[in-house]
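> sequence plus predicted model, see below.
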Amino acid sequence: MNNALKSAPELEALSIEDLLKNIKNVPEAIRQAVINNGGGHANHALFWNIMGPGGGGEPVGEFAEAIKPVFGDFAKFKEVVKANALGQFGSGWSWVVWDGSKLVAVKKPNQDSPLMDGHTPILGIDVWEHAYYLKYQNKRADYVDAWWNTVNWKAVNELFLKAKA
């Protein structure tokens, strides 16, 4: 991405979030490089920051409360997020985003970021095979089920509070 941005020096000082939020302003010749590399960086940075040892359990704080009006309860929330993860053909992500007024579950291909749609990512599951193949082979559903045991709900709640602010 950094090499691609050398052809558009006016964009080099922008944060990855600003680049992705304004992806249509990135010259077409380098846009895909920004999406693939910058989106990949942003997506994985969030992914690694919302997981950790001692994770799992149930959501906390205002995020836990925000699930109820949209999904009903945590079980339904997990069901929708998993359905998106399993329904993402090939590589991509299952996301829970803040759309400015409520939580929304979406799926995105490859390294496309919810930021490109004006949404703030809160929780994301990497469903590229590299995320799970060594341990789960082609059993994406087993990976998603186990992934919930790694979620750091405090970090997710902090992202939610920041998005709402």
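Thanks, I have the structure now.

> so which other helices or strands are in contact with the host helix or strand of W48?
Assigned by DSSP states H and E, W48 falls within helix 40-49. In terms of contacts (3 or more CB pairs under 8 Å, 6 or more residues apart in numbering; DSSP states H and E), helix 40-49 is packed against helix 16-21, strand 120-126. (Each C-beta comes from the backbone N, C-alpha and C, glycine too.)

> please repeat the previous calculation with a cut-off of 6 Å.
Applying 3 or more CB pairs under 6 Å, 6 or more residues apart in numbering; DSSP states H and E, one finds that helix 40-49 contacts strand 120-126.

> identify each buried residue in the strand it packs on, please.
Within strand 120-126, the residues that count as buried by 16 or more other CB atoms under 10 Å are T120, P121, I122, L123, G124, I125, D126.

> for stretch 20-32, same thing?
Buried residues in stretch 20-32 (16+ other CB under 10 Å): L20, K21, I23, V26, I30.

> over to stretch 58-72?
Judged by neighbour count using 16+ other CB under 10 Å, the buried positions of stretch 58-72 are P59, F63, A64, A66, I67, F71.

> state the pLDDT value of the first one.
Predicted confidence (pLDDT) for P59: 98.

> helix, strand or coil for it?
Classification of P59 using DSSP: H, G, I helix; E, B strand; the rest coil returns coil.

> I figured it was touching W153, is that so?
Yes: counting by CB atoms under 6 Å, W153 is a contact partner of P59 at 4.9 Å.

> so which of the buried residues of stretch 58-72 belong to strands?
Of the buried residues of stretch 58-72, none are assigned to strands by DSSP state E.

> which parts of this structure are helices?
2-5, 16-21, 28-33, 40-49, 61-71, 74-87, 133-136, 140-147, 153-164 (DSSP state H).

> grab the CA positions of the first one and hand them over as CSV.
Output for helix 2-5, consisting of C-alpha atoms alone and laid out as CSV, is shown next (Å, rounded to 0.1, in the frame of the first residue of the first chain):
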residue,chain,number,x,y,z
ASN,A,2,2.8,2.4,0.9
ASN,A,3,4.4,1.8,-2.5
ALA,A,4,1.0,2.4,-4.3
LEU,A,5,0.5,5.7,-2.3
